[in-house]
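# Return a 3D structure for these sequence lines:
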Amino acid sequence: MSPSQPPAGSRRKKLAQQRAAAAARKRRNRIFTIVFTCAVIALAAIIAVPMIVDASRKSQQAPPTNLGVTVRENSHRLTSVPDNKVTFVEFLDFECEACGSVYPAIEELRKEYGDRVTFVVRYFPITSHFNSERAARAVEAAARQDKFEPMYKMMFENQTSWAEQRVPQDDVFRSYAQELGLDMAKWDKDYVAPETMARIRADQADGETLGVQGTPSFFLNGEKFE
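Residues are numbered from 1 along each chain as shown. Got it, this is the predicted structure:
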């Protein structure tokens, strides 16, 4: 055996650990898929049933009054419906693998129900994800130039290229801002501004108040999907 090579037993142990970690990720993704499917079914029911029973009555229904702290006036909305009868809120972490997995489904929901449902996104970076807070700051800095949605999409559509890294991805996020044509002097300033971090912390605090412990977490008209 070459001195530079680890013992065969060590290699087998490492391979077994990698396989176990991969299996755990698959199990976690399956669980989140089931939870999200339940959310989709419930969302469809809330929208479709009143239309089937009495379409005219639905047009006169009042907006939900039990939203509480799930939505704030400054919460980022991907779609905004004037009557606001159905509000779908996601607390997310841009580095979260499960959030990345459900992102395409959220986009499909928006495409189908965007004219009837207000879709809201709230920050909830998980401390164990090395770059999640940085990603949230990058998105919020873009939001201060009215580019929340493009940067939100940029993060998830490129997630596999920057996530799960144990080194700062500031330059990567800055390149996204440049690609979106942002004012870079302003973006750089906002990226490190205390106000940006305070905005993210405010979302986290609301999430904790609501019992959010992981991401993605969904609320429909103020009710959490357990």
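
# Could you pull out the strands in this protein for me?
Along the chain, the segments classed as strands by DSSP state E run 76-77, 87-92, 118-123, 217-220, 223-224.

# export the second one as CSV, just CAs?
Which is strand 87-92. Listed next in CSV are the C-alpha coordinates belonging to strand 87-92 (Å, rounded to 0.1, in the frame of the first residue of the first chain):
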residue,chain,number,x,y,z
THR,A,87,-52.5,34.2,0.5
PHE,A,88,-49.7,31.6,0.2
VAL,A,89,-46.6,32.2,2.3
GLU,A,90,-43.3,30.4,2.2
PHE,A,91,-40.5,30.8,4.8
LEU,A,92,-37.4,29.7,2.9
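
# pLDDT on it, on average?
Strand 87-92 shows a mean pLDDT of 96.

# Can you read off the pLDDT for the closest residue in space to residue 157 that isn't next to it in sequence?
On the basis of CB to CB, 6 or more residues apart in numbering, the spatially nearest residue to residue 157 that is not a chain neighbour turns out to be residue 103, at 7.9 Å. (C-beta placed from N, C-alpha, C; glycine too.) Among the per-residue scores, residue 103 holds a pLDDT of 94.

# hang on, residue 103 packs against residue 156?
Yes: taking CB atoms under 8 Å as the contact criterion, residue 103 and residue 156 are neighbours in contact, 4.2 Å apart.

# just to revisit the earlier point, any chance of the strands of the chain in JSON lines with mean neighbour count and distance to residue 150 as columns?
What follows is the strands of the chain, written out as JSON lines (neighbours: other CB atoms under 10 Å; distance: least, CB to CB, whole Å):
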{"stretch": "strand 76-77", "mean neighbour count": "18", "distance to residue 150": "12"}
{"stretch": "strand 87-92", "mean neighbour count": "25", "distance to residue 150": "16"}
{"stretch": "strand 118-123", "mean neighbour count": "23", "distance to residue 150": "13"}
{"stretch": "strand 217-220", "mean neighbour count": "22", "distance to residue 150": "23"}
{"stretch": "strand 223-224", "mean neighbour count": "14", "distance to residue 150": "29"}
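
# wait, which of the ones you listed is closest to residue 67?
Evaluated over the strands of the chain, closeness to residue 67 peaks at strand 87-92, with 6.2 Å, by CB to CB.

# What lies in contact with the closest one?
Under the criterion CB atoms under 8 Å, 6 or more residues apart in numbering, residues 43, 64, 67, 70-71, 75, 99, 106, 109, 117-124, 203, 207, 210, 212, 215-222 lie in contact with strand 87-92.

# repeat that with 6 Å
Contact partners of strand 87-92, identified using CB atoms under 6 Å, 6 or more residues apart in numbering, comprise 70, 99, 117-122, 124, 207, 212, 215-221.

# any idea what sits nearest residue 206, other than its immediate chain neighbours?
Closest residue to residue 206 apart from its sequence neighbours, by CB to CB, 6+ apart: residue 69 at 4.5 Å.

# Can you give me the distance of the residue positioned nearest the centre of the chain to residue 108?
Among the residues of the chain, the one closest to the centroid is residue 92, at 3.0 Å (CA atoms, centre = their mean). In this structure, residue 92 and residue 108 are separated by 16 Å, where distance is defined by CB to CB, to the nearest Å.
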